[in-house]
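1. Give the three-dimensional model of this entry:
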Amino acid sequence: MESGVPKIRTKVVIILELLIIIAIASRLLFSTTTLIYPDACTYLSISKSILNGKLSTDFLGGGEIILPPLYPLITSAFYLIFQNLELSALIVSMLSGSLLIIPVYFLTRAMYGERAGWFSSIFILFSPVMINWSVTMYTEALFILLFISAITMGHYALERGKVGWFFASGGFVGLTYMTRLPGIIVLGILAGWIIIYSLVGKFSIRKGITFIGLLIAGFFIITAPYLIHLYSIFGEWTLTASYGNITEVVMEEGADTVSGWEHLDAGQTGKDIFTKLIDKTSTNLRHYAYSLFKMLSSALLFIVISIAASIRRLRLRLDFTVPYLLSFFVVYFLLLLILPPSPLIDERMRYLSPVLPIFLILASGGIIHIYNSLAKRDNWRLIKKAAIPAMMVIALLSFIPQYHMVSSGMYKFWEGEIPIDIRKETGLWMKKNLPHPIRAMSRKPFIAYYADAIFFQTPATYEEVIRMAKENKIDYIIIDNIVEYFLRPKLRFLFNPALAPKDLKLIGGYTHPTTGEIMTGVYRIER
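-> Below is the predicted model:
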């Protein structure tokens, strides 16, 4: 194992730069400024608010949304250059996904050597899941970059035992938290490892206490402005206010299917809290374990070998590197089990993606372990020459299932021109022609985002629609053939204007040029 700060040779810098350039170029091929994920609308709405001098947004339901602001802040900064919000958000994700190669390389190199560092860099370069988040206007690429960077920084801090590294690690954890709240778990895990290193004599208890203090100080220096802003909004100090009460999140019940998720009413299940928690964690374990297995598939062989080899080294040499890396996965995965599950593969993949680079690093280590074992065999020259290419091919085969997980939402450059975005066109029509502020409901927020409207999620039945409209002074109902027709079956009659009630009037939208079928529609609620 290599320790300390790696000496960065000119050759290494040049190769890393080339890999990053290739990563950016390859991700450009799959990129589009079309909004794919609903949460992107919320984060981009926060960026709009920031550009108007406000850190939060009332986009969702008319209430203030106080989400971690780093991604919208950086998007807003890029907007000053590119003058296009969607493009700016895309560039932030693309650069973040490409720069991930750097911390992955250095962490792998510190654990397994330089050759393994290049292997893991190649895995990041070509992983369809990593590419997917790099071309999506979402927090994921930035969060993964900062999450892995904080882990890498923490590893060097523990190995070197220098105060500056611990302070910098705390700062990186703060940036991770400022992107997505789960990033705060890195702070707790690093503090735990400082205690472990103190107990086994890597450094003194006194130094350990100092290092924990520096770690926490670095975190709060970065997060202080955001935490003060939360206090000004809620009147109390909190780390989770933007996501709601922790107890509510833990006890919110989950579902196995899209239909179950749409119609779930946890308050009427009749289950006690303990039963809810058991049901939810078992559902999540099934969902996430299957998705993780699918993301890793053939690479699991090398991951198992890497972990097995580390157990032997742990006994013989007190080497904590692999347990250190795995601890972040274990804690993160356990936290996923108590969060509400989503039946959609995209969401399961989203929540697991931050730990995928950890396993790609371990897979690189497994390849190195096998090669080193073969190298001891003097009469296996031909096998040794073919071993690394063969193992790399086997590991890269795991990317085939990954591609199937992301292919439906990823733009495919070989399929020709991007069709007209009728959601965007419908929203822009609303923005231009309807009086502001626009208060509109739909199942997904895409059209409302483009309309600069205040978005409310459409309930399941027409009676609930009317009640919500009256209570919240909502003027418009937006329907989308791709969404409402399937997720709101009791509202399908709205796709036939002849069946619409008298208090609704169809005023805009798009119809299919051949069939005349409504693709998007805007109904005004007549008072």
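
2. The stretch 101-250 of the chain: helices as residue ranges?
-> Remark: helices assigned in the stretch 101-250 of the chain by DSSP state H, counting those that start in this stretch are 101-112, 114-126, 128-134, 140-160, 163-177, 185-199, 205-234, 246-251.

3. go on, the stretch 251-400 of the chain?
-> For the stretch 251-400 of the chain, the helices defined by DSSP H, counting those that start in this stretch cover 258-263, 273-296, 300-317, 321-337, 345-352, 356-375, 381-396, 399-406.

4. just the ones you listed: most buried one?
-> helix 356-375 (a mean of 23; mean count of other CB atoms under 10 Å). Just so you know, the C-beta spots here come from the backbone N, C-alpha and C atoms, and that holds for glycine as well.

5. where does D58 fall, phi/psi-wise?
-> The phi/psi pair for D58 (degrees, to the nearest 10) reads phi -110, psi 30.

6. Point out where the stretch 251-400 of the chain drops to low pLDDT.
-> For the stretch 251-400 of the chain, the stretches flagged by pLDDT under 70 are 251-271, 315-318, 341-343, 378-382.

7. one more time with 80, if that's ok
-> For the stretch 251-400 of the chain, the stretches with pLDDT under 80 are 251-277, 312-319, 339-346, 375-385.

8. show me what contacts the residue most central in space within the chain?
-> For the chain, E140 is the residue whose C-alpha lies nearest the centre (CA atoms, centre = their mean; 3.0 Å). Going by CB atoms under 8 Å, 6 or more residues apart in numbering, E140 touches 93, 133, 350, 353-354.

9. Could I get the phi/psi values of T461?
-> Per degrees, to the nearest 10, the backbone of T461 is at phi -120, psi 160.

10. residues contacting it?
-> Taking CB under 8 Å, 6+ apart, we find T461 in contact with 490-491.

11. What distance do you get for it to D272?
-> With distances taken as CB to CB, to the nearest Å, T461 is found 29 Å from D272.

12. So what's the residue count around K202?
-> 17 (other CB atoms under 10 Å).

13. I477 should be in a strand, yeah?
-> Yes. Counting by DSSP: H, G, I helix; E, B strand; the rest coil, I477 is part of a strand.

14. Helix, strand or coil: sort out the closest residue to it other than its chain neighbours for me.
-> Using CB to CB, 6 or more residues apart in numbering and skipping residues adjacent in sequence, the residue nearest I477 is Y523, 4.4 Å away. What three-state DSSP gives for Y523 is strand.

15. Pull the contacting residues for Y523.
-> Shown in contact with Y523 (CB under 8 Å, 6+ apart): 476-479, 494, 500, 504-507.

16. my guess is L301 meets L397, correct?
-> No. Assessed by CB atoms under 8 Å, L301 is found out of contact with L397, at 10.4 Å.

17. give the contact list for the spatially closest residue to V355 that is not a sequence neighbour.
-> Closest residue to V355 apart from its sequence neighbours, by CB to CB, 6+ apart: F329 at 4.6 Å. With contacts defined as CB under 8 Å, 6+ apart, F329 is in contact with 355, 358-359.

18. sorry, back to before: select, out of the helices of the stretch 101-250 of the chain, the one closest to S76.
-> Nearest of the helices of the stretch 101-250 of the chain to S76, taken as CB to CB: helix 140-160 at 13.5 Å.
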